[in-house]
Structures are given as structure tokens and as C-alpha cells.
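[1] Predicted coordinates and the sequence they were generated for:
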Amino acid sequence: MDRCVTFAVAGAGKTRSLVEQLRPDSRALVITYTNNTQEDLCRRVIEKFGFLPRQIAVLTYFSFLNQFCYRPLLFHQVQDRGISFTAPSKFANIHPLTDIRRYMDGGGRLYHNRLAKLVDSRGCLPALRQRIERYYDSVLVDEVQDFGGHDFNLLMDLTKAQVAWHLVGDFYQHTFSTSRDGNVNAGLHDDYGDYRRRFASHGFKVDIESLSLSHRCSSTVCEFVRDHIGVQLLAASARRSKVEAVETQAEVDRLHADSKVLKLFYSKHDEYACHSLNWGGAKGLDHYEDVCVVLSAENWKLFSAGRLKPSATLTRNKLYVACSRPRRDLYFAAERMFKKFVRCKRLGAAP
């Protein structure tokens, strides 16, 4: 069976390439990471067919892990009381892999970052591969770069199932990890070349050419990303747009009030009472014409000096996601100029 992983750049059409493979009679499982991207995939499938075909399942990874992998095979044995998204306790870590207390907190909830390992340690992988072969002819995985920890190992083991596999992702958009558990795959995303070789070692054809140009971003935005973030983003056309700093309070007020401009904050975007998301939370979404990226005091200083190139890998990746959202213009503004809207929101008053 075919196994292919395609590494793309932002705006190259990763999600579109998956949807194009679907037919109304496809027995296909589509897996993605966030709720936002799951909703976007469902929307695209409905746009294509006019409805969501019954034999096409579009799931977030944790829905797949819990509902398809764990519950049918192990729930009757374990009888958990739900999923915990906190880190495993030191008490849990002292137990061997065969002991359920390694995977479960004191309230009977399973640690999310060890659920894949629990499925593996209980010998469920052969049965899971059989389940995939029984229900599906192909498995499509979006945002594969966000698989980590035990979940990456589980995914690689499941790809031995005799169905067609097509994985897509952007190495530099790794902003989440499906799980972290100690040193398990801790260095998975340290080097792009090594990362590609991990897939090749599991029998995947590695494609880095077919989705190497951005159809979303203008050549101006792509140049900015290359020069200031250090990610090699190339545009599919010579289309130009604006990349500008917003330096007056009046301009910031106008952008804040404009619901057509997406404002992207590093964190806590919902405190600013406007059409907004966090940098990393915008991943997978591509229907925004204009975007304003809001920078912390330190990053604004670096940006103003022409030296905006974050040293922390996670910050760089989130900034890359944010800057590659617009189809047209990209603006930058200092976070301090939005602070008045936080105060107004908390007081329930108009600015």
C-alpha cells in the first residue's frame, strides 16, 4: 500500500491536497490536531460534496485515540473516569509500564500523554491495525508535525496497516505536541533532515517538492518571513502587498475595531475584545485577507531595529504561523497599544 508524507510550506494547499483525494464513496479516515482544523476540514468536505459522506470520518487526533483506539478495546478493562490533561505525578512515574497506576491519576482519569502508550503496552496494536483495515481504505493525516511523544510512535506503528496512508505537514509549524512524556521523542523536531529520515525509515515516500510554494502569501510577505523569521517561504506568484508597522494609537484603534482584520496575539487573545486568535491557534486557517501581528515589548524593539528573528524555536514557529496567515496585507503593532482594550473589557465599558 502507498505511504507518502508531504512536507509543505504555509499556504501551499496541504489541507486542500487531502480533500482532493476524497470521493463520495471513499472509506477514508481524516485525522488532524486542533478543533479549528477539524472544523475547517469538515467545511471543505461539505463544500466539495454538498454534505459529509457517511463513510468519511474527520476526527481530531485525541478523538481518534480515545474513541477509536482506546475505548473499544480497553475501556471495559480499565473503567476510567475520563481524561486528565495534567502532567503525570511523581507517584505515577514510579510504576512499571504494566501497572495501570502509571497511566491513571488518583481520581481514575487517564493521563492524555500516556494513553497511546497504554494502548501499546496492553498489546492492542495488531487489533487496531485490523480495525483500520476493516473500516477504511485510506488514512489521511493533517498537521503531522504536531505528533510527538508516545503519539508519534503509535502513528508509525499504525501505518503498518494495509491501507493507503498520506500524511501532510509543515516542519516549521510545529507549535503543539500531541503529548510530551519525559524524554520520549524529545529530540524529534531538533533537525529537519533527521525528521524526514524518521519517516523514510518507516517506509514512507518523502515529498518536499509538490507543495513547496505558497499560494496564499504574497511575495512581499514571503520575503519578510525569509529575512526576519528564517523560514524559507517562497511565493507561487510575484503578487505584492503591504508589510507595515502600525505606530500610532489612532491606527491601532482603527485596526482593533475592524472585524475584517484578524489580530494575532502571542497568548490570551480573548482579553482584547476584538476579532483575534493566538499566534499558534491560527494554524490551518487561511481565509483572512489582512492580519495584524501583535508583538511584545521585547519583540517590538527587535522588529523596529530590523532584527526580529526569535531565538526560541517554539516562538519562531508560532510567529511563522502568524505571519503566514494573510492573503494580502500584514501589519505589526506593539502589544502595549492594545492594553486599553483589556481594561475596557474587564470593566465592561466601551473604549
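    Structure received.
[2] For the chain, just list every one of the helices.
    Listed in chain order, the helices of the chain (DSSP state H) span 14-19, 35-49, 61-63, 71-78, 90-93, 115-121, 125-135, 149-158, 192-201, 219-224, 249-257, 297-304, 313-323, 339-347.
[3] buried set for the third one?
    It stands for helix 61-63. 61-62 (16 or more other C-beta atoms under 10 Å). Heads up, the C-betas are built off the backbone N, CA and C, glycines and all.
[4] The second one now?
    Residues of helix 35-49 classed as buried by neighbour count (16+ other C-beta under 10 Å): 36-38, 40-41, 44-45, 48.
[5] So what's the gap between it and the chain middle?
    Offset of helix 35-49 from its chain centre (C-alpha atoms, centre = their mean, to the nearest Å): 15 Å.
[6] and of the buried residues of helix 35-49, the nearest to residue 251?
    Nearest to residue 251 among the buried residues of helix 35-49, counting by C-beta to C-beta, is residue 36 at 28.4 Å.
[7] could you dump the buried residues of helix 35-49 to a markdown table with pLDDT and distance to residue 17?
    Listed next are the buried residues of helix 35-49 as a markdown table, based on pLDDT from 0 to 100; distance: C-beta to C-beta, whole Å:
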| residue | pLDDT | distance to residue 17 |
| --- | --- | --- |
| 36 | 84 | 18 |
| 37 | 87 | 14 |
| 38 | 93 | 17 |
| 40 | 91 | 14 |
| 41 | 94 | 12 |
| 44 | 95 | 11 |
| 45 | 96 | 13 |
| 48 | 96 | 13 |
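[8] In this structure, where is pLDDT below threshold?
    178, 343-351 (pLDDT under 70).
[9] Residue 221: what's its closest spatial neighbour, skipping adjacent residues?
    Distances taken as C-beta to C-beta, 6 or more residues apart in numbering put residue 330 closest to residue 221, at 5.3 Å, once the chain neighbours are dropped.
[10] In space, what's closest to residue 244 - neighbours in sequence excluded?
    residue 331 (5.5 Å).
[11] Could I get the contacting residues of the one you found?
    Neighbouring residues of residue 331 by C-beta atoms under 8 Å, 6 or more residues apart in numbering: 242-246, 255, 261, 290-293.
[12] sorry, back to before: just so I know, which of the helices of the chain lies nearest residue 284?
    Closest approach to residue 284 among the helices of the chain is made by helix 35-49 (3.6 Å; C-beta to C-beta).
[13] Can you name every helix or strand that that closest one contacts?
    helix 14-19, strand 28-32, strand 56-60 (3 or more C-beta pairs under 8 Å, 6 or more residues apart in numbering; DSSP states H and E).
[14] and the angle from that helix to strand 28-32?
    150 degrees (axes from the mean of the first three to the mean of the last three C-alpha atoms, to 10 degrees).
[15] Just want the angle from helix 35-49 to strand 56-60.
    Using the same axes, to 10 degrees: helix 35-49 against strand 56-60 is 160 degrees.
[16] how about a markdown table for the helices of the chain, with distance to residue 233 added?
    Below are the helices of the chain laid out as a markdown table (distance: least, C-beta to C-beta, whole Å):
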| stretch | distance to residue 233 |
| --- | --- |
| helix 14-19 | 14 |
| helix 35-49 | 20 |
| helix 61-63 | 26 |
| helix 71-78 | 41 |
| helix 90-93 | 41 |
| helix 115-121 | 32 |
| helix 125-135 | 35 |
| helix 149-158 | 25 |
| helix 192-201 | 14 |
| helix 219-224 | 5 |
| helix 249-257 | 24 |
| helix 297-304 | 18 |
| helix 313-323 | 8 |
| helix 339-347 | 31 |
